[in-house]
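Novice: take this sequence and fold it.
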Amino acid sequence: MPILSAQEALDRLREGNRRFVTGTQIRDTNPGHSPPEELAKGQEPFAIILGCSDSRVPAEIVFDQGLGDLFVIRVAGNIVAPSQVGSVEFAAARFGTRLVVVLGHSQCGAISATLEELQRPTENQSINLRSIVDRVRPSVESLLQSRLEGDPEALVERAVRANVGVSVNHLRHGSEILEQLIRDEGLRVVGAEYSLETGEVDFFDCAQLD
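Specialist: Predicted coordinates for the structure are as follows:
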């Protein structure tokens, strides 16, 4: 399969999510999807998805894609740490994938946990859990000083988007490899939010692609 441009990949994700929302998935019956023995020879993912580990947001399902279509990196809170950056670099450089999507979702537990920790710090928190909180903290801390502090639902909603935006920015500007691919090879990094309530994915910060 020829390498898809960032725009083509985005369109394919949007179409797949539309099928998922309307219940017209083709993932299990699409004859174009390669059997395992073909996939064992190599992979050509058309998009890289950095998403949350939440069990309700499996990227292949919500975008109605099959084996070998997506290079998926999942971590609580869709945070960006060195290992995630390296994984994106690997896929973009090795497979020529031209679209990276940071996929957050509504009612994100990692975001809520971070907000709660900032408001009511706990003692003896696991150093591993704290590493996630510390990654999310910069993107949400300022929101606690805003008028949203008295509206928990709106606060989480804004925090989810802010956290995605920080991750997008980190990938765009925190890696020489990705910066070069963005500058010279048409790589694009965009944000998105999955709605647990509707199943719809809303892409944002992607004016370059529309």
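
Novice: which pLDDT value belongs to R183?
Specialist: For R183, the model assigns a pLDDT of 96.

Novice: the bottom helix or strand of this protein by mean pLDDT?
Specialist: Lowest by mean pLDDT, DSSP states H and E among the helices and strands of the chain is helix 36-39, with a mean of 73.

Novice: now the element after that helix, going C-ward?
Specialist: Later in the chain than helix 36-39, the nearest helix or strand by DSSP states H and E is strand 47-51.

Novice: contacts for the biggest helix by length in the chain, please.
Specialist: Of all segments of type helix in the chain, defined using DSSP state H, the longest is helix 152-173. Outside of helix 152-173, the residues within contact range by CB atoms under 8 Å, 6 or more residues apart in numbering are 50, 77-80, 85, 88, 100, 102-108, 111-112, 114-115, 136, 138-140, 143-144, 148-149, 178-179, 182, 189-193, 204-205. C-beta here means a position set from N, CA and C on the backbone, and glycine is covered the same way.

Novice: the residue lying farthest from the centre of the chain in helix, strand or coil?
Specialist: For the chain, the residue at maximal distance from the C-alpha centroid (CA atoms, centre = their mean) is E123, at 30.8 Å. Secondary structure, DSSP: H, G, I helix; E, B strand; the rest coil: E123 is coil.

Novice: where does it land on pLDDT?
Specialist: Taking E123 on its own, its pLDDT is 76.
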